[in-house]
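Visitor: The following block contains a protein sequence and its predicted model.
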Amino acid sequence: MPFILVVVFIDVLGIGIALPVLPMLVGEYTVSRELQTYWYGALVISYGVMQFFCAPLLGALSDRFGRRPLLLWSLLGLGLHFVLLAIAPSLSLLLLARIVGGTAGASFSVANAYASDVTPSEQRAKSFGLVGAAFGMGFIFGPVLGGLLGSVDLHLPFYVAAGLSLVNALYGFLVVPESLPRERRALFSLARANPFSALLALGRHREIGSLVVVFALVILAQLMLQTTWVLFTHFRFGWGPRENGFALFCVGLVATVVQGGLLGRLLRRFGEARLALWGLATGTVAYVLYGLVQHAWMMYAIILGNFLSFAVGPALQGIVSNAVGPREQGVTMGALSSINSIMFVVAPLIGTPLLAQVSLLPPSDWRVGVTFFVSAALQATAFWVTRRYFSPRSVTRAA
């Protein structure tokens, strides 16, 4: 398990470095805020489309050939993605780079399947939390480093991210062992690799059908925030790469403390079901506040106060993972990653046009926060579905 946590950390570190800089880089090739927002949305959409089709494919391939070779291939692909972003002379090459990155970035389904392989079923929610903590650690240091480097040159963070991806591939080649024994591997079939088939297979588990809907709503709400955060804070507060880097540093720090340190205690105290409900409730309030605040420091206060929402994902993943067999872990995690990828497409399709429409309003106008209000509505719906799904008896059993 420690091996895969290092891989995830360095992987996300590279992604985090690029996060506060990419929207500003798009701005170098556009002539208005509206075009900047639309083009940034197109880059996010292309990434999500490729992840949607490739996540179940990589998950199914990892069930057949093992986790390690798929992880190594993906790390090399991410390195190429960052190189292309660094040297891109036009928006079209930026788009090509994101297509490559979406293909390679689908490896998180393999990382989650790796965690399932090496963890007893009763401890999987905690293991997913550790993977989430490694993810959060990457976002602690990545965005702030990217913000500082981007203040020097907008292309520099991508060169550094490319180097980290290649170092990570070398580490994986030399250190990371295979987690899936040959006798536990499944036969590969195109049906299992088909993203729609993977989703249908997930839907056939009646015990988790409603939770899959909740998972989709939560991811969509989060991605509505993520895909518009940098541009929103730029429009309302005048933030650049440096300021967004430090804000995202705070997000990563809180996520790591919750998922890497507090999650075990929270799970013992509340159980997976109640913890998910509390996280959904506090997250709904936080989205509304994000959209309304008029002072930059308040963003940090909301991030800190919304700590329980970082436990929702691991809690839901733990419930879903325990509902399927050991030979289905790769496909299941791939299907969940496909949901994430679908939302990566849907979120900018909704969020960036909405933000573009309000981009010329005065920064203090409440309508500038429209994307966060939509996220709040999605999160509130997820809370309602979850509350209906877990009857008092179900809550007791899940706990």
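Guide: In hand now; what should we look at?

Visitor: Quick check: Leu145 touching Gly245?
Guide: Yes: Leu145 is in contact with Gly245 according to Cβ atoms under 8 Å; the separation is 7.3 Å. Bear in mind the C-beta positions are built from the backbone N, C-alpha and C, glycine included.

Visitor: of those two, who's got more company?
Guide: Gly245 (28 against 20; other Cβ atoms under 10 Å).

Visitor: so what secondary structure elements neighbour the helix or strand that contains that one?
Guide: According to DSSP states H and E, Gly245 maps onto helix 241-256. If contacts are counted by 3 or more Cβ pairs under 8 Å, 6 or more residues apart in numbering; DSSP states H and E, helix 241-256 sits against helix 124-152, helix 209-237, helix 297-305.

Visitor: hey, where'd the helices end up in the stretch 51-200 of the chain?
Guide: Counting by DSSP state H, counting those that start in this stretch, the stretch 51-200 of the chain has helices at residues 67-87, 91-104, 108-117, 124-152, 156-174, 190-193, 195-203.

Visitor: roughly how far is the fifth one from the heart of the chain?
Guide: So that's helix 156-174. Computed by Cα atoms, centre = their mean, to the nearest Å, the chain-centroid distance of helix 156-174 equals 20 Å.

Visitor: what does the second one give?
Guide: In terms of Cα atoms, centre = their mean, the centre of helix 91-104 is set 18 Å apart from its chain centre.

Visitor: Output the contacting helices and strands for that helix.
Guide: helix 22-27, helix 33-65, helix 67-87.

Visitor: low pLDDT regions in the stretch 251-399 of the chain?
Guide: Along the stretch 251-399 of the chain, the model assigns pLDDT under 70 to residues 323-331, 334, 338, 391-399.

Visitor: So for stretch 145-160, first residue to last residue, what's the gap.
Guide: End-to-end span of stretch 145-160 (Cα to Cα, to the nearest Å): 10 Å.

Visitor: Could you check how many residues crowd around Leu91?
Guide: 17.

Visitor: how about the nearest residue to it, chain neighbours excluded?
Guide: Spatial nearest neighbour of Leu91, chain neighbours left out: Tyr29 (4.9 Å); criterion: Cβ to Cβ, 6 or more residues apart in numbering.

Visitor: helix/strand/coil for the one you found?
Guide: For Tyr29, the secondary structure call by DSSP: H, G, I helix; E, B strand; the rest coil comes out as coil.

Visitor: Just to check, it is in contact with Trp39?
Guide: Yes: under the criterion of Cβ under 8 Å, Tyr29 makes contact with Trp39 at 7.3 Å.

Visitor: Which neighbours do these two have in common?
Guide: Leu91 (Cβ atoms under 8 Å, 6 or more residues apart in numbering).

Visitor: The spatially closest residue to Leu378 that is not a sequence neighbour: neighbour count?
Guide: Leaving out its chain neighbours, the residue that sits closest to Leu378 by Cβ to Cβ, 6+ apart is Ala221, at 4.1 Å. By other Cβ under 10 Å, the residues close to Ala221 number 27.

Visitor: Run through the residues that contact Ala221.
Guide: Ala221 touches 283, 287, 375-376, 378-379, 382, counting by Cβ under 8 Å, 6+ apart.

Visitor: quick one: it and Thr37, what's the gap?
Guide: Distance of Ala221 to Thr37, computed by Cβ to Cβ, to the nearest Å: 19 Å.

Visitor: what does Phe383 give?
Guide: 29 Å.

Visitor: ok, those two, which is more surrounded?
Guide: Thr37 (29 against 23).

Visitor: Would you agree the more buried one is in contact with Val358?
Guide: No: proximity of Thr37 to Val358 does not meet the contact threshold set by Cβ under 8 Å, at 9.8 Å.

Visitor: which one of the helices and strands packed on helix 91-104 lies closest to Val175?
Guide: Nearest to Val175 among the helices and strands packed on helix 91-104 is helix 67-87; the distance by Cβ to Cβ comes to 10.4 Å.

Visitor: okay, the angle between the closest one and helix 91-104?
Guide: 170 degrees (axes from the mean of the first three to the mean of the last three Cα atoms, to 10 degrees).

Visitor: Between helix 108-117 and helix 67-87, find me the angle.
Guide: Using the same axes, to 10 degrees, helix 67-87 lies at 150 degrees relative to helix 108-117.

Visitor: Quickly, which of the helices and strands packed on helix 91-104 bottoms out on average pLDDT?
Guide: Note on the helices and strands packed on helix 91-104: lowest mean pLDDT is at helix 33-65, with a mean of 84.

Visitor: other SSEs contacting that one?
Guide: helix 22-27, helix 67-87, helix 91-104, helix 108-117, helix 190-193, helix 195-203, helix 209-237, helix 329-358.

Visitor: which one is Tyr287 nearest to, not counting chain neighbours?
Guide: Spatial nearest neighbour of Tyr287, chain neighbours left out: Ala376 (3.7 Å); criterion: Cβ to Cβ, 6+ apart.

Visitor: ugh, wrong one, Thr282
Guide: Nearest residue to Thr282 in three dimensions, chain neighbours excluded: Leu308, at 4.8 Å (Cβ to Cβ, 6+ apart).

Visitor: didn't the one you found look like it was pressed against Gly279?
Guide: Yes: Leu308 is within contact range of Gly279, at 4.4 Å (criterion: Cβ under 8 Å).

Visitor: Those two: which is more packed in?
Guide: Using other Cβ under 10 Å as the criterion, Leu308 and Gly279 rank with Gly279 on top: 29 against 21.
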